[in-house]
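Participant: fold the following and give me the result.
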Amino acid sequence: MDLTPYLESLRGDLAAAAAPGGPETTRAAELLSHAIESSARLALLQALSDAAAEITTRLHGPVVDVRLRGREADLVVSQVYAEPEPPAAAPSAPPLEGGDLARLTLRMPEALKAHVEQAAAAEGVSVNAWLVRAVTTAAGRPAPEPPPGRGRHGKRITGFAQA
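Facilitator: Modelled structure (predicted):
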């Protein structure tokens with residue numbers, strides 16, 4: 001999907017709005033429209049990405065992705081197939097202890113986020129700890145045990161630490 005027509009439409013609307021202000025205002029609007037093109041393109045891509053995520057949550061099976069190719073965005077619909085169960089004698093995964101920590105940005109529907117927060121609060125752990133446990137379980141690794149007496153108790157603490 002070529003975003004250029006949308007950006008040109010925005011540029012035309014800005015020029016039309018500036019026209020009553022005279023030639024200096026029109027020139028300023030033209031310069032401004034070129035200056036904000038990158039930001040406008042990024043905002044359009046973010047809107048497409050959010051729309052794809054929302055559509056995916058309502059499809060119950062197929063996944064909609066936004067793929068970038070140069071300065072163009074493509075909407076791709078793909079079917080997710082369940083992976084076959086691994087054999088029972090699969091080699092064990094390396095331990096999770098002692099590794100470097102990595103930061104990850106995760107996007108999820110607001111309703112799912114609220115459900116995760118409720119589940120974490122019910123277990124007395126942080127959302128991060130709950131998600132780490134869920135991901136390690138899904139990856140077939142033993143979940144790390146939280147330290148004793150480290151529940152949230154209704155307080156929010158944010159930050160990053162490494163031992």
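Participant: mind listing what's buried along the helix or strand that contains Ala114?
Facilitator: Using DSSP states H and E, Ala114 sits within helix 110-123. For helix 110-123, a neighbour-count test (16 or more other Cβ atoms under 10 Å) marks 116, 120-121 as buried. For the C-beta atoms, the positions are set from N, CA and C on the backbone; glycine is no exception.
Participant: nearest to Leu101 among the residues you listed?
Facilitator: Ala120 (18.6 Å; Cβ to Cβ).
Participant: residues in contact with the closest one?
Facilitator: The contact partners of Ala120, by Cβ atoms under 8 Å, 6 or more residues apart in numbering, come to 126-127, 129-130, 152.
Participant: now with 10 Å, please.
Facilitator: By Cβ atoms under 10 Å, 6 or more residues apart in numbering, the contact list for Ala120 reads 126-131, 133-134, 152.
Participant: repeat that for Trp130.
Facilitator: Contacts of Trp130 (Cβ under 10 Å, 6+ apart): 116-117, 119-124, 146.
Participant: would you turn the residues you listed into TSV with pLDDT?
Facilitator: Formatted as TSV, those follow (pLDDT from 0 to 100):
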residue	pLDDT
Val116	86
Glu117	86
Ala119	87
Ala120	83
Ala121	85
Ala122	86
Glu123	83
Gly124	80
Pro146	55
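Participant: pLDDT (mean, whole number) over the host helix or strand of Thr57?
Facilitator: Secondary structure assignment for Thr57, by DSSP H and E: helix 37-59. Mean pLDDT, helix 37-59: 84.
Participant: in this structure, which spans are helices?
Facilitator: Ranges of helices in the chain, per DSSP state H, are 4-18, 23-35, 37-59, 110-123, 127-138.
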